[in-house]
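In: Kindly generate the corresponding structure for this input.
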Amino acid sequence: MVERTARDSPAQNVLLTDYAWPDLEVERRIIEGAGFRLLTGASAPAVAETITQMVRDSAPAAILTCWAEVTADAIAASSNLRIVARLGIGLDNIAVDEATRRGVWVTNVPSYCLEEVSDHAVGMILSWSRGLLHFDREVKAGRWQPASARLRRLSALTCGVVGYGRIGRRTAHKLSSGFGARVIAHDPLAQQPDPLVELVSFEELLARSDIVVLHAPLTAQTKYLINRDTLALMRPGAFLVNVSRGGLVDTDALIEALQAGHLSGAGLDVLENEPVVAPALASRPDVILTPHVAFSSDASLMELRHSACEEVVRVLRGERPHEARNSV
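Out: Modelled structure (predicted):
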């Protein structure tokens with residue numbers, strides 16, 4: 001059900017499919033303050049067919065989407081559509097090719113959570129290397145056993161960063177400059193970065209790294225980037241961190257590697273079938289799980305919401321978007 005918040009006029013409608021915050025004050029202030037009409041779905045993302053029907057019913061000029069899938073059918077359902085704005089970075093939930101074919105801008109907010117996601121990755125690494133969650137659970141369970149510690153010195157480890165874009169660079173610099181770790185990186189689109197980080201092939205990164213951090217986008221080429229074959233290339237006892245997209249990792253293959261003891265643990269902010277958590281992951285004390293919140297802070301959410309809404313207003317006023325991810 002779409003909630004209409006102003007008079008009907010499809011050419012002025014902006015459809016917000018879903019959102020991950022408690023109110024819509026920012027969205028209403030920017031969208032309605034610019035003279036457009038904000039229509040909203042439920043906070044939780046609806047299934048693709050429902051999103052398409054919402055578009056068909058409201059014929060919006062703009063779609064703002066957080067997690068909901070905006071398919072080719074949804075894009076085709078509104079002849080008024082001029083922009084699909086992602087409230088986030090990844091575009092795997094938007095049919096970008098169809099939008100481009102129809103002359104519809106696709107935008108995102110590429111820089112809003114650089115610090116948050118890189119901090120989250122580093123936090124998971126520190127929790128693993130210093131045994132923070134493990135010993136918290138042990139002490140709370142009444143077990144005081146400092147002699148059982150098998151902890152690691154981060155500055156003596158090699159960290160491999162897969163995906164060397166904005167966030168990957170921040171993670172690499174924090175690990176290298178902040179903690180003294182050796183950092184290597186892989187990104188087929190990156191040039192040699194700086195003296196502190198060495199670019200290597202994906203296979204070499206897996207073989208050399210004590211810690212592998214995934215910062216890659218989810219595409220047809222990166223789906224199951226971490227699978228049985230690539231896990232076998234990883235150093236025994238390595239730790240895997242995924243703060244990017246769940247589909248980068250074959251969950252069954254990861255569980256097998258953990259059960260076999262080939263990996264010493266994993267830190268996962270994203271899951272292949274989220275919000276469903278595989279019981280074999282949830283039951284493991286060597287796996288750190290968070291509910292896709294690496295991007296989140298008071299500051300990052302405010303920046304995200306402002307930037308995405310301002311892109312919508314910009315396009316509906318006949319201007320070019322600042323962060324276009326396609327050409328129309």
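In: Roughly how far does the nearest residue to residue 262 once chain neighbours are set aside sit from residue 264?
Out: Of all residues not flanking residue 262 in the chain, residue 236 sits nearest, at 5.9 Å (C-beta to C-beta, 6 or more residues apart in numbering). Just so you know, the C-beta spots here come from the backbone N, C-alpha and C atoms, and that holds for glycine as well. Per C-beta to C-beta, to the nearest Å, residue 236 is found 8 Å from residue 264.
In: which of the two has more neighbours?
Out: Legend: neighbour count by other C-beta atoms under 10 Å for residue 236 and residue 264, higher for residue 264 (18 against 10).
In: mind listing what the closest residue to that one other than its chain neighbours touches?
Out: Distances taken as C-beta to C-beta, 6+ apart place residue 237 nearest to residue 264, at 4.6 Å, with adjacent residues excluded. Residue 237 is in contact with 210, 263, 264, counting by C-beta atoms under 8 Å, 6 or more residues apart in numbering.
In: Which single one of those is nearest to residue 44?
Out: Ranked by distance to residue 44 (C-beta to C-beta), those are led by residue 263 at 32.4 Å.
In: And that closest one, its phi and psi?
Out: Backbone torsions of residue 263, given as degrees, to the nearest 10, read phi -100, psi 150.
In: Pairing-wise in the sheet, spell out the partners of it.
Out: Beta-bridge pairing of residue 263 under DSSP bridges involves residue 238.
In: Neighbours of residue 24, how many?
Out: Residues near residue 24, counting by other C-beta under 10 Å, number 17.
In: Next one: it from residue 44, what distance?
Out: Between residue 24 and residue 44 the computed distance is 14 Å (C-beta to C-beta).
In: Look at residue 176 and give its secondary structure.
Out: Assigned by DSSP: H, G, I helix; E, B strand; the rest coil, the conformation of residue 176 is helix.
In: what sits against it?
Out: Contacts for residue 176 (C-beta under 8 Å, 6+ apart) come out as 182, 183, 196, 197.
In: how much space between it and residue 254?
Out: From residue 176 across to residue 254, the span is 26 Å (C-beta to C-beta).
In: all helices of the stretch 201-328 of the chain, in order?
Out: Shown for the stretch 201-328 of the chain, the helices assigned by DSSP state H, counting those that start in this stretch span residues 202-208, 228-233, 251-259, 279-282, 298-316.
In: and residue 113, which of those is closest to it?
Out: Across the helices of the stretch 201-328 of the chain, residue 113 has its closest neighbour in helix 298-316 (4.4 Å, C-beta to C-beta).
In: Check which helices and strands the closest one is in contact with.
Out: Contact partners of helix 298-316 among helices and strands, from 3 or more C-beta pairs under 8 Å, 6 or more residues apart in numbering; DSSP states H and E: helix 25-27, strand 62-65, strand 83-86, strand 105-107.
In: Select, out of these, the one closest to residue 40.
Out: helix 25-27 (7.9 Å).
In: What are the contacting residues of the closest one?
Out: Residues contacting helix 25-27 (C-beta under 8 Å, 6+ apart): 16, 19, 38, 40, 64, 302, 305, 306, 309.
In: Quick one, which of these are buried?
Out: Among the contacts of helix 25-27, those classed as buried by neighbour count (16 or more other C-beta atoms under 10 Å) are 16, 19, 38, 40, 64, 305, 306, 309.
In: how about the helices and strands packed on helix 298-316 in TSV, adding distance to residue 151?
Out: Output for the helices and strands packed on helix 298-316, formatted as TSV (distance: least, C-beta to C-beta, whole Å):
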stretch	distance to residue 151
helix 25-27	43
strand 62-65	43
strand 83-86	40
strand 105-107	44
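In: Could you say which one of these comes nearest to residue 247?
Out: Residue 247 sits nearest to strand 83-86 of all the helices and strands packed on helix 298-316, at 16.4 Å, using C-beta to C-beta.
In: which outside residues touch the closest one?
Out: Identification of contacts with strand 83-86 by C-beta under 8 Å, 6+ apart yields 61-66, 70, 75, 93-94, 99, 104-109, 308-309, 311-312, 315-316, 321.
In: Likewise for stretch 186-198?
Out: 160-165, 168-169, 172-173, 176-177, 183-185, 199-202, 204-205, 216.
In: So which of the residues you listed belong to strands?
Out: Applying DSSP state E to the contacts of stretch 186-198, the entries found in strands are 160, 161, 162, 183, 184, 185, 199.
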